[in-house]
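Engineer: Give the three-dimensional model of this entry:
(2 chains)
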Protein chains: 2
Amino acid sequence: MAFRYPGGKKYVKSEHQKMPAASNRFANRGMSLEHDLNETNKHYNATGQAVIHKKPTPVQIVNVDYPKRSAAKITEAYFKQPSTTDYNGIYRGNYIDFEAKETKNKTSFPFGNIHPHQVDHMQQVLYHGGLSFLIIRFSILDQTYLYDASHFIWWYKKQSHRKSIPKQHIEENGHLLETKYAPRIDYLEIVDTIYLA
Amino acid sequence: MAFRYPGGKKYVKSEHQKMPAASNRFANRGMSLEHDLNETNKHYNATGQAVIHKKPTPVQIVNVDYPKRSAAKITEAYFKQPSTTDYNGIYRGNYIDFEAKETKNKTSFPFGNIHPHQVDHMQQVLYHGGLSFLIIRFSILDQTYLYDASHFIWWYKKQSHRKSIPKQHIEENGHLLETKYAPRIDYLEIVDTIYLA
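Structural biologist: A predicted model of the protein is given here:
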């Protein structure tokens, strides 16, 4: 289920707001990346490993009704473009910040998945000494990578004649994340290895 | 303008979503704390001092319309209780996390302003080595304090027979923040002094 943004962008309803449709092509391959990351973050939180949360979807609220005996109801609102990445928090004393994206492409990751504001944000996080990366899932291939923001920024800024990053570069410079039971996607294990070892 | 939460809590529309009403009692004392902090964070961001943002208001989206030639319109949604504090980011390599609240009380800060989830979150942030505090404005007195989360947690957990923190304790253990032109509320100056000196 996808909603149109003003610029023609699509909004996909959060997995925790719906159950997967029976007709979902990939239902047998598990839940969405967002769901997997929410479960993973809950696990990290419950085990005291880290405090990392997804930010709420930014919404511009225009009208609200106040029914007498029930909860306030928002009757008119619009999606806003996010000015930061979706996930942030603290791990082993470090500020951690990332964006998670799924693509149906098999050979590349399109830049269009990330807003310019988000790229600027990643650059600022790196400048201030935070850990910044993307978690990219190639959904048809069922492969999920942790990919450092500096690589992404390089492609985005220097290779602006392109519209995507070749998957081969992500394979070679990113880190494959296995899907497990709990935590679903143990990205902090990779963070330990590549940033904090 | 206040909206009712399911539990009878009130939601006050963000200042950046509206202009202050001419009838606003405190209009001559300047904008709301949220507005002041947004301006302050924009200033920090623009000057490269820190990357700190307010999280979007959490909303449960139930229904969306897709008009043919315009933006997707949310037609049914409800306010959700936040599970974290409202502001977080990175400053001088440190994870920074805080909640901002205004009260019309003159002698104490009521616990009811903070949800239990948010108190747990502050405790976790401290455990992981982050900087955690509250920015509390006594709006009628026009006084704004930075107040360390550990003090707040102590009152909240140990003094549960009370329903508020005496203002005197906040005066003695908190740090008064002056309102200036830019940045409006220079809380990082205090953070430098008390946490990073």
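
Engineer: How about the backbone phi and psi for A:F138?
Structural biologist: Torsion angles at A:F138 (phi, psi; degrees, to the nearest 10) stand at phi -90, psi 100.

Engineer: Specify the beta-bridge partners of it.
Structural biologist: A:T103, A:Q143 (DSSP bridges).

Engineer: how close does it get to chain B?
Structural biologist: Remark: distance between A:F138 and chain B (Cβ to the nearest Cβ, to the nearest Å) = 27 Å. Bear in mind the C-beta positions are built from the backbone N, C-alpha and C, glycine included.

Engineer: shouldn't that residue be in contact with A:S108?
Structural biologist: No: using Cβ atoms under 8 Å, A:F138 makes no contact with A:S108, being 9.4 Å away.

Engineer: Might you list the low-confidence residue ranges for chain A?
Structural biologist: A:1-30, A:160 (pLDDT under 70).

Engineer: hmm, back to that, when A:F138 and A:S108 are compared, which one has more neighbours?
Structural biologist: A:F138 (20 against 17; other Cβ atoms under 10 Å in any protein chain shown).

Engineer: and for A:F138 and A:S108, which residues touch both?
Structural biologist: Common neighbours of A:F138 and A:S108, counting by Cβ atoms under 8 Å, 6 or more residues apart in numbering or on different chains, are A:K167.

Engineer: Is stretch A:34-49 positioned near chain B?
Structural biologist: Yes: on the criterion Cβ under 8 Å from any Cβ of the partner chain, stretch A:34-49 is in touch with chain B at A:N45, A:G48.

Engineer: Would you map the helices across chain A?
Structural biologist: For chain A, applying DSSP state H gives helices covering A:33-46, A:116-127, A:149-158, A:167-173, A:187-194.

Engineer: can you tell which of the ones you listed is closest to B:R162?
Structural biologist: helix A:33-46 (28.5 Å; Cβ to Cβ).

Engineer: got a list of contacts for the closest one?
Structural biologist: A:14-16, A:30-31, A:49-54, A:87, A:89, A:91, A:100-102, A:135, A:137, A:139, A:144, A:179, A:182-188, B:124.

Engineer: Mark which of those residues are buried, thanks.
Structural biologist: Buried subset of those (neighbour count, 16 or more other Cβ atoms under 10 Å in any protein chain shown): A:14-15, A:31, A:49-54, A:87, A:89, A:91, A:100-102, A:135, A:137, A:139, A:144, A:179, A:183-188, B:124.

Engineer: From the residues you listed, which land in strands?
Structural biologist: Counting by DSSP state E, the part of those found in strands is A:50-54, A:87, A:89, A:91, A:100-102, A:135, A:137, A:144.

Engineer: Among those residues, list the two that are farthest apart in space.
Structural biologist: Greatest spacing in these, by Cβ to Cβ: A:V51 and A:E102 (24.4 Å).

Engineer: Grab the most central residue of chain A for me.
Structural biologist: Taking Cα atoms, centre = their mean, the centroid of chain A lies closest to A:A100, which sits 1.9 Å from it.

Engineer: Test my guess that that residue contacts A:L134.
Structural biologist: Yes: applying Cβ under 8 Å, one finds A:A100 in contact with A:L134, separated by 7.2 Å.

Engineer: what about A:K163, neighbour count?
Structural biologist: By other Cβ under 10 Å, 10 other residues sit near A:K163.

Engineer: again with A:Y127
Structural biologist: 12.

Engineer: Report the distance from stretch A:48-67 to the chain centre.
Structural biologist: Remark: stretch A:48-67 is offset 16 Å from the chain centroid, using Cα atoms, centre = their mean, to the nearest Å.

Engineer: Could you give me the buried positions within that stretch?
Structural biologist: Counting neighbours by 16+ other Cβ under 10 Å, the buried set in stretch A:48-67 is A:49-59, A:61, A:64.

Engineer: Mind exporting the C-alpha coordinates of that stretch to PDB?
Structural biologist: Coordinates of the C-alpha atoms in stretch A:48-67 are reproduced here as PDB (Å, rounded to 0.1, in the frame of the first residue of the first chain):
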ATOM      1  CA  GLY A  48      20.500  -3.300  27.400                       C
ATOM      2  CA  GLN A  49      22.800  -3.400  24.400                       C
ATOM      3  CA  ALA A  50      21.800  -0.100  22.800                       C
ATOM      4  CA  VAL A  51      19.000   2.500  22.700                       C
ATOM      5  CA  ILE A  52      18.100   3.000  19.000                       C
ATOM      6  CA  HIS A  53      14.600   4.000  17.700                       C
ATOM      7  CA  LYS A  54      12.900   4.700  14.400                       C
ATOM      8  CA  LYS A  55      11.700   8.300  14.300                       C
ATOM      9  CA  PRO A  56       7.900   8.800  13.600                       C
ATOM     10  CA  THR A  57       6.800   9.500  10.100                       C
ATOM     11  CA  PRO A  58       6.700  13.300   9.700                       C
ATOM     12  CA  VAL A  59       3.200  14.600   9.200                       C
ATOM     13  CA  GLN A  60       1.800  18.100   8.800                       C
ATOM     14  CA  ILE A  61      -1.400  18.200  10.900                       C
ATOM     15  CA  VAL A  62      -4.100  20.600   9.500                       C
ATOM     16  CA  ASN A  63      -7.300  19.600  11.200                       C
ATOM     17  CA  VAL A  64      -8.300  17.700  14.400                       C
ATOM     18  CA  ASP A  65     -11.800  16.700  15.600                       C
ATOM     19  CA  TYR A  66     -12.500  16.400  19.300                       C
ATOM     20  CA  PRO A  67     -15.300  13.800  19.800                       C
END
